[in-house]
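Trainee: Predicted model follows, preceded by the sequence.
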Amino acid sequence: MKKVFLCLACLIFSFTSAKADEIDKLIKEFNLNKKSELSVYVKNLDTNKVLYKKHSNKPLNPASTLKVLSYGASLLVLGSDYEFQTELFEDGKDLYLKLSGDTKLTSKDLKKLLSNVKNKEYENIYIDNSIFADEKYPTSWLEEDKFPNQRELSTYIIDNNMVKIGVKRSSLATNIEIIQEDEYKIAIINDLKNAQNNEQKIKIERLHGENAPILTFSGEISKDEVINLPVLNPEINFMVKFQKALDDNKIVCLKKIVNKNVPQNALKIAEISRNITDFSNDILYRSDNFTSEIITKVATAKYINYSHPAGFVDEINMLNDIFNISDEKIQIADASGVSRKNLITTEFYINSIEMLFDKTLISNMLMGANQGTMSGRGLFLKDNLKAKTGTLKNYSSIFANLITKNNNNLVLISIEQDSTLRKALLKNFEDMLIGLLYKKY
């Protein structure tokens with residue numbers, strides 16, 4: 001009997017080893033060992049068995065797959081029933097608006113909220129934005145990670161903190177007009193010219209300093225275009241739209257609108273509320289860096305018990321505590337995965353996933369094949385694949401939950417860093433790895 005068990009164990013080991021050899025062969029075919037820093041980790045969630053690992057303790061940059069960990073940490077701190085409540089209070093003859101970090105708040109929401117005090121007159125109107133500190137960007141971000149590629153982080157959020165700006169050629173194509181229909185306007189120096197060919201080259205710069213409220217548009221245009229841009233000053237953008245909502249509701253402020261925390265005994269009048277899960281699509285499907293950073297900041301505020309406006313240092317300390325990071329080779333530098341200073345191992349990543357989520361929640365949160373940033377990928381796997389991708393310059397990554405052909409429930413992460421290969425080839429490798437796992441496990 002002992003010999004039978006030994007033979008059976010040998011067969012299982014041989015079978016597992018053969019499948020691992022096929023993954024090694026795939027890695028060799030893409031020459032990833034020579035042309036990239038690579039780390040792969042695959043685990044069966046049902047048996048808790050590690051099926052494959054390669055360089056699983058090598059610290060690499062996870063790019064946007066980090067959003068799964070930071071969002072999971074936020075869910076852990078805030079709870080799945082947490083509501084982002086933008087609230088209206090009265091205290092005597094004063095009105096208070098308390099901001100909540102709701103990244104979906106719109107001008108229509110604000111107008112509807114203020115309709116609860118329509119036609120009223122107040123001595124003062126105050127805005128409470130104390131939930132977290134207004135620090136523009138994580139300190140680890142590079143200049144190229146900032147405006148116009150990313151929005152400034154702020155408690156003042158309205159209409160996604162984005163504006164549409166049109167560039168339009170005249171009927172005779174002799175000059176170019178810049179059109180702004182939003183209530184919030186940006187001062188723009190127009191140096192655009194008509195293109196001599198069909199190429200569209202528009203350069204947007206803040207030539208007068210990081211804090212200057214002026215942009216310069218230069219380059220050549222061959223066709224009309226609408227450009228989506230982050231607002232230059234989130235507070236001014238908010239105040240312009242707040243004032244319009246006040247005017248629309250015929251609400252009068254006799255003195256001034258300034259910042260002030262809501263008094264303890266103020267009377268709550270109304271609120272606009274959204275559940276934390278309403279933001280999961282923006283973070284995990286659309287991979288929105290702004291929403292990821294803001295939601296994590298709100299979680300940090302609760303984590304420090306609202307003792308002071310939460311800052312970046314508080315955020316990193318929270319994430320280090322939650323993931324029990326004591327190993328110096330593991331570094332989390334932001335919530336969204338934009339920072340080049342993020343370093344994790346794939347083994348740490350999967351262990352953290354298991355700590356944060358149960359098996360059902362992992363699958364329900366992630367995007368399916370051909371959805372979001374997985375567009376055009378994993379088509380034949382359909383509902384068997386749920387994933388989150390990551391991309392930075394010369395970096396690619398994917399975290400996936402896969403139900404295999406044999407109905408095994410796997411989680412895996414692959415990170416390819418400092419690669420000389422084109423990103424399309426790296427994504428192709430990830431897709432082939434997932435396809436191989438689906439068929440062989």
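Mentor: That came through, no problem.

Trainee: residue boundaries of the strands in the stretch 301-441 of the chain?
Mentor: With strands called from DSSP state E, counting those that start in this stretch, the stretch 301-441 of the chain shows them at 367-368, 385-392, 395-403, 409-417.

Trainee: Now the ones you listed in TSV, please, with extra columns for distance to Thr277, mean neighbour count and mean pLDDT.
Mentor: Placement of C-beta: from N, CA and C, glycine included. Listed next are the strands of the stretch 301-441 of the chain as TSV, based on distance: least, CB to CB, whole Å; neighbours: other CB atoms under 10 Å; pLDDT from 0 to 100:
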stretch	distance to Thr277	mean neighbour count	mean pLDDT
strand 367-368	15	20	90
strand 385-392	16	24	96
strand 395-403	18	25	96
strand 409-417	21	24	97
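
Trainee: Of these, which is nearest Ser218?
Mentor: strand 385-392 (27.3 Å; CB to CB).

Trainee: tell me what the closest one is packed against?
Mentor: helix 66-78, helix 359-365, strand 367-368, strand 395-403, helix 423-440 (3 or more CB pairs under 8 Å, 6 or more residues apart in numbering; DSSP states H and E).

Trainee: can you state the direction angle for that strand and helix 423-440?
Mentor: 160 degrees (axes from the mean of the first three to the mean of the last three CA atoms, to 10 degrees).

Trainee: picking that back up, is it possible to export the strands of the stretch 301-441 of the chain to a markdown table including distance to Tyr438?
Mentor: Formatted as a markdown table, those follow (distance: least, CB to CB, whole Å):
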| stretch | distance to Tyr438 |
| --- | --- |
| strand 367-368 | 14 |
| strand 385-392 | 8 |
| strand 395-403 | 6 |
| strand 409-417 | 9 |
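
Trainee: which stretch among those comes nearest Asn305?
Mentor: strand 385-392 (30.4 Å).

Trainee: Return the distance of that closest one from the chain's centre.
Mentor: 12 Å (CA atoms, centre = their mean, to the nearest Å).

Trainee: likewise stretch 146-153?
Mentor: On CA atoms, centre = their mean, the centre of stretch 146-153 falls 13 Å from the chain's centre.

Trainee: Pull up the distance across it, start to finish.
Mentor: 10 Å (CA to CA, to the nearest Å).

Trainee: Show me what counts as buried in it.
Mentor: 146-147, 150-153 (16 or more other CB atoms under 10 Å).

Trainee: In terms of distance to Ser419, which of the residues you listed ranks first?
Mentor: Using CB to CB, those come closest to Ser419 at Gln150, 23.5 Å.

Trainee: Helices of this structure, start to end?
Mentor: 2-29, 32-35, 66-78, 107-114, 234-248, 280, 289-303, 312-322, 346-356, 359-365, 423-440 (DSSP state H).

Trainee: For the fourth one, name the packing helices and strands.
Mentor: The contact analysis (3+ CB pairs under 8 Å, 6+ apart) places helix 107-114 against strand 83-91, helix 234-248, strand 267-275.

Trainee: Count the residues that sit near Asp321.
Mentor: 11 (other CB atoms under 10 Å).

Trainee: Equivalent analysis for Lys382, please.
Mentor: 10.

Trainee: Please apply the same query to Gly92.
Mentor: Counted with other CB under 10 Å, Gly92 comes out at 11.

Trainee: circling back to that earlier point, and the helices and strands packed on strand 385-392, which one averages the lowest pLDDT?
Mentor: In terms of average pLDDT, helix 359-365 trails the rest of the helices and strands packed on strand 385-392, at a mean of 79.

Trainee: That one packs against which elements?
Mentor: Against helix 359-365 (3+ CB pairs under 8 Å, 6+ apart) you get strand 385-392.

Trainee: Using CSV, write out every CA atom in the strand it packs on.
Mentor: Below are the C-alpha coordinates for strand 385-392, written out as CSV (Å, rounded to 0.1, in the frame of the first residue of the first chain):
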residue,chain,number,x,y,z
LEU,A,385,-12.1,35.2,-16.4
LYS,A,386,-12.1,38.3,-14.1
ALA,A,387,-9.1,40.5,-14.1
LYS,A,388,-7.4,43.8,-13.4
THR,A,389,-4.6,45.0,-15.6
GLY,A,390,-1.7,47.4,-15.1
THR,A,391,0.4,49.4,-17.5
LEU,A,392,3.2,51.9,-17.1
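
Trainee: got the angle for it vs strand 395-403?
Mentor: Using the same axes, to 10 degrees: strand 385-392 against strand 395-403 is 170 degrees.

Trainee: contact partners of strand 385-392?
Mentor: Contact with strand 385-392 is made by 61-68, 284, 287, 337-338, 340, 362-363, 365-369, 373-374, 378, 396-403, 415, 423, 427, 434, 438, as judged by CB atoms under 8 Å, 6 or more residues apart in numbering.

Trainee: strand partners of it, parallel vs antiparallel please.
Mentor: Counting by DSSP bridges, the strands paired with strand 385-392 are strand 367-368 (antiparallel), strand 395-403 (antiparallel).

Trainee: Using a markdown table, lay out those together with distance to Lys297.
Mentor: Formatted as a markdown table, the strands paired with strand 385-392 follow (distance: least, CB to CB, whole Å):
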| stretch | distance to Lys297 |
| --- | --- |
| strand 367-368 | 24 |
| strand 395-403 | 23 |
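
Trainee: Distance from the chain centre to stretch 416-426, please.
Mentor: For stretch 416-426, the distance to the chain centre is 22 Å (CA atoms, centre = their mean).

Trainee: mind listing what's buried in it?
Mentor: For stretch 416-426, using 16+ other CB under 10 Å, the buried residues are 416-417, 419, 421, 425-426.

Trainee: Looking at those, which is nearest Ile325?
Mentor: Gln417 (19.6 Å).

Trainee: Contact partners for the closest residue to that closest one other than its chain neighbours?
Mentor: Spatially, and ignoring its direct neighbours in sequence, Gln417 is nearest to Glu37 (4.2 Å; CB to CB, 6 or more residues apart in numbering). Glu37 makes contact with 55, 58, 60, 415-419 under the criterion CB under 8 Å, 6+ apart.

Trainee: This completes my enquiry, with thanks.
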